[in-house]
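A.B. asks: Need coordinates for the following:
(2 chains)
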Protein chains: 2
Amino acid sequence: MQILVVGSVALDDIQTPFGKRLGALGGSASHFSLAASLLSLVRIVAVVGQDFPRRYLDHLKKRGVDIAGIRLTTGETFRWRGHYEFDMNTAFTDETRLGVFATFNPELSLAERKAPVLFLGNIDPEIQLKVLKQMESPLFVGLDSMNFWIEQKKKELLKVIRRVDALFLNDAEVRQLAGEASLIKAGRHIQKLGPKMVLIKKGEHGVVCISRKFTFVAAAYPTEDVKDPTGAGDSFAGGVVSYLFSRLGPKISDPSEEIIRQAVIWGAAVASFCVEDFGTKGLDNLTRQKVQMRCHRIFEHTRFEPHD
Amino acid sequence: MQILVVGSVALDDIQTPFGKRLGALGGSASHFSLAASLLSLVRIVAVVGQDFPRRYLDHLKKRGVDIAGIRLTTGETFRWRGHYEFDMNTAFTDETRLGVFATFNPELSLAERKAPVLFLGNIDPEIQLKVLKQMESPLFVGLDSMNFWIEQKKKELLKVIRRVDALFLNDAEVRQLAGEASLIKAGRHIQKLGPKMVLIKKGEHGVVCISRKFTFVAAAYPTEDVKDPTGAGDSFAGGVVSYLFSRLGPKISDPSEEIIRQAVIWGAAVASFCVEDFGTKGLDNLTRQKVQMRCHRIFEHTRFEPHD
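C.D. replies: Below you'll find the model as predicted:
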């Protein structure tokens, strides 16, 4: 096991202007691991209920994801129902049924505690901290969160943020957490709280990566048909973290500026596939070669000569 | 005269979270010409009322703008009152008093008709068309418009769009004009209606330039303090058009892909200075060297090696 991801495995009911899917495979850990498994060995730690379709577990396994850490328990799987309107940058949550996820408080196995890389999907920051404390000596920790935790458990969130290497938030969350309208100022402020890098996700507008030494502004791939943005952020994180580990191995704790930039582009490329279909479908037939080609296309779409 | 700009010269009352200015120099032609005058000889054709401060005319002149085409007439200068909230991407118009601009219908002089480059600021598309018809044989025509004309005079707007080389619209306007939610599809659709290039302005998220042969996605300079976004779009257009003319001269009718990309970055750099202060103040002390340095900084902020 190279990367351990702790988060949700869920069933999503999604409606976008381009269609509707009921009970699609969803959750932060699903998207993250499917994206990351292109480059790394990823184990999911999550919990699902008895209603969780066997075929989704088979699918994860087929895509190389280590599902030994998915606990099956009595009750219903976490279910999210949401929709998007024509501006696909905003998800509207219609219903959240936590089910078995409500009491999710994972006890890591010995092997899991030794994982070199940890990704904490968007869950209660208190749980994130508890998981982090169980780890022996992770070389690299990534973390995602959301507006709900910024509002409800800011203190706990700041505590766990202090201990991570890469923080993934969207632009609104970064502004909210820093209490600052300027995105760049807000990102710099948060970076100073602890993380080596703050990865600000801006949906179709790309990503801004703020580290202590540099700011990298990455455009998104100009996708013609965004069918469903669900999971794009977690696919991005899966791409970034797995890229860093596959390039650096144990040296992941000290990534160079060049490799961080490449990792962000790799993650953006993976996410651009995710949004082309519903749920995790966009990641289904993904190969390293396809992502590599898309990285080159992003390069083609954004390159210019600095000479004037 | 190298570039003729026909548009508004106005007085703006602006409120943003960072302050308030009354009677600031504004209008599409003011911002465009101040931005373009760094590289080219620009003449404004516009109309102002008797209340228009002499010092603004002096200022334009001092910055190298040819003001011989600004008609002074009886009545009030076009006045725009608007505000921005914390999301500085959206301007709220509180009041528009057209004044002498209501009957603006310029008759170009013989010299003006011979200008090699024309920029049609955001005015009634019927007037834009009338101006265009007076031109002898312009090598390059740029055009800006807005939601109001897309709603009220779409037929006339499409007629003039067919005859321009570069169309400048923001992302919402592109979606609205094409009736298409996908920005890239919408831009491609509009490009096919006539313009060599469609420059889609996305505020802090940069620019997408769609031409027949390529799509260029340019990030904005990561400005820490946006004080007032008013005029950013016209400054951008002034930067792009003047860059193209200064690099290409009479060959501006057939710009290469590389030079279009550089022009977009130059325009984005100029616009990033514009938003750093109120009204046209951000352009006041601008020099070619400062813009050049910012282009290099945009390069630094966005560069990555395509190798993975």
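A.B. asks: Residue A:169 bridge partners, please.
C.D. replies: residue A:200 (DSSP bridges).
A.B. asks: Give me the pLDDT value at it.
C.D. replies: Residue A:169 carries a pLDDT value of 98.
A.B. asks: Count the residues that sit near residue A:289.
C.D. replies: Residue A:289 has 9 neighbours, counted by other CB atoms under 10 Å in any protein chain shown. Heads up, the C-betas are built off the backbone N, CA and C, glycines and all.
A.B. asks: And chain B, is the helix or strand bottoming out on mean pLDDT in chain A touching that?
C.D. replies: Within chain A, no helix or strand scores below strand A:91-97, which has a mean of 93 by mean pLDDT, DSSP states H and E. No - contact between strand A:91-97 and chain B is absent, the nearest approach being 15.5 Å (criterion: CB under 8 Å from any CB of the partner chain).
A.B. asks: So which elements touch that strand?
C.D. replies: strand A:79-84 (3 or more CB pairs under 8 Å, 6 or more residues apart in numbering or on different chains; DSSP states H and E).
A.B. asks: Would you mind checking the average pLDDT for the strand it packs on?
C.D. replies: Strand A:79-84 comes out at a mean pLDDT of 95.
A.B. asks: tell me which parts of the stretch 1-150 of chain A are close to chain B?
C.D. replies: Residues of the stretch 1-150 of chain A lying near chain B (CB under 8 Å from any CB): A:17, A:86, A:88.
A.B. asks: can you tell me the helix or strand for the most centrally placed residue in chain A?
C.D. replies: Ranked by distance to the mean C-alpha position of chain A (CA atoms, centre = their mean), the top residue is residue A:234 at 2.2 Å. Assigned by DSSP states H and E, residue A:234 falls within helix A:232-248.
A.B. asks: show me where the stretch 51-200 of chain A has helices.
C.D. replies: A:54-62, A:110-113, A:125-134, A:147-152, A:154-161, A:171-178, A:183-191 (DSSP state H, counting those that start in this stretch).
A.B. asks: In terms of secondary structure, what does the third one contact?
C.D. replies: When you say that, I think you mean helix A:125-134. Contacts defined by 3+ CB pairs under 8 Å, 6+ apart place helix A:125-134 against strand A:117-120, helix A:154-161.
A.B. asks: Repeat that for the first one.
C.D. replies: Applying 3+ CB pairs under 8 Å, 6+ apart, one finds that helix A:54-62 contacts helix A:28-36.
A.B. asks: same question, the shortest one
C.D. replies: With contacts defined as 3+ CB pairs under 8 Å, 6+ apart, there are no secondary structure elements packing on helix A:110-113.
A.B. asks: Contacts made by that helix with the rest, please.
C.D. replies: Identification of contacts with helix A:110-113 by CB atoms under 8 Å, 6 or more residues apart in numbering or on different chains yields A:1, A:4, A:43, A:45, A:69, A:134, A:135, A:136.
A.B. asks: Contact residues of the stretch 201-308 of chain A facing chain B?
C.D. replies: Residues of the stretch 201-308 of chain A lying near chain B by CB under 8 Å from any CB: A:202, A:204-206, A:208, A:214-220, A:222-226, A:243, A:258, A:261-262, A:264-266, A:291-292, A:295-296, A:299-308.
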